[in-house]
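Chemist: Can you look at this prediction? I've put the sequence above it.
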Amino acid sequence: MAFAAELLITSVLVLTVLLFADNRWLRPALPAVVGLLIGAYIAVESPLSGMSMNPARTFGSALASGRWDGWWLYFVAPPLGAAAALAAYAGLRRLGPIPGFEEGPVYPLSLKGQQHD
């Protein structure tokens, strides 16, 4: 169950970031939505699996305590969840134009429209 939960929360978080960052109408709400998602994850999923959200913290805690049971799921489930979200996002983009979505790749807001030397 913990593996599925970690996979799901990563998928939802990454897909949300991709969709909001790529939509000129939703983009301004992205920081608030990500903060709300992380808060909800901590409240709901943390009691189920311990929810690390930081593999380095998981590794450090396991190393210090000598308890290695379950550490692997925090290193396997999140990358798989992110890959699933990316595949879903790519599939949505292939369906055709979506109102409000930019054409071409998503760029960080700080780089959009800036000239680089």
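Modeler: Received the coordinates, thanks. None of these values were measured; they are calculated from a predicted model. Numbers count the residues shown, from 1 in each chain.

Chemist: Which residue is the nearest non-sequential neighbour of residue 75?
Modeler: The shortest distance from residue 75 to any residue other than its chain neighbours is 5.5 Å, reached at residue 55 (C-beta to C-beta, 6 or more residues apart in numbering). For glycine as for every other residue, the C-beta is placed from the backbone atoms N, C-alpha and C.

Chemist: Now do the same contact list for the one you found.
Modeler: 74, 75, 78 (C-beta atoms under 8 Å, 6 or more residues apart in numbering).

Chemist: Now do the helices in this protein.
Modeler: In the chain, helices defined by DSSP state H lie at 2-21, 30-44, 46-49, 55-65, 73-94, listed in chain order.

Chemist: Buried deepest among the ones you listed, which one?
Modeler: helix 2-21 (a mean of 19; mean count of other C-beta atoms under 10 Å).

Chemist: what's in contact with that helix?
Modeler: 26-27, 29-30, 33-34, 37-38, 41, 45, 48-51, 70, 73-74, 76-78, 80-82, 84-86, 88-89, 92, 106.

Chemist: Isn't residue 45 up against residue 51?
Modeler: Yes - between residue 45 and residue 51 there is a contact under C-beta atoms under 8 Å: 4.9 Å.

Chemist: hang on, the earlier thing: by mean pLDDT, show me the worst of the helices of the chain.
Modeler: When the helices of the chain are ranked by mean pLDDT, helix 46-49 comes last with a mean of 78.

Chemist: Report the separation between the residue nearest the centre of the chain and residue 22.
Modeler: Centrality entry for the chain: nearest residue to the mean C-alpha point is residue 14, 2.8 Å, by C-alpha atoms, centre = their mean. Distance of residue 14 to residue 22, computed by C-beta to C-beta, to the nearest Å: 12 Å.
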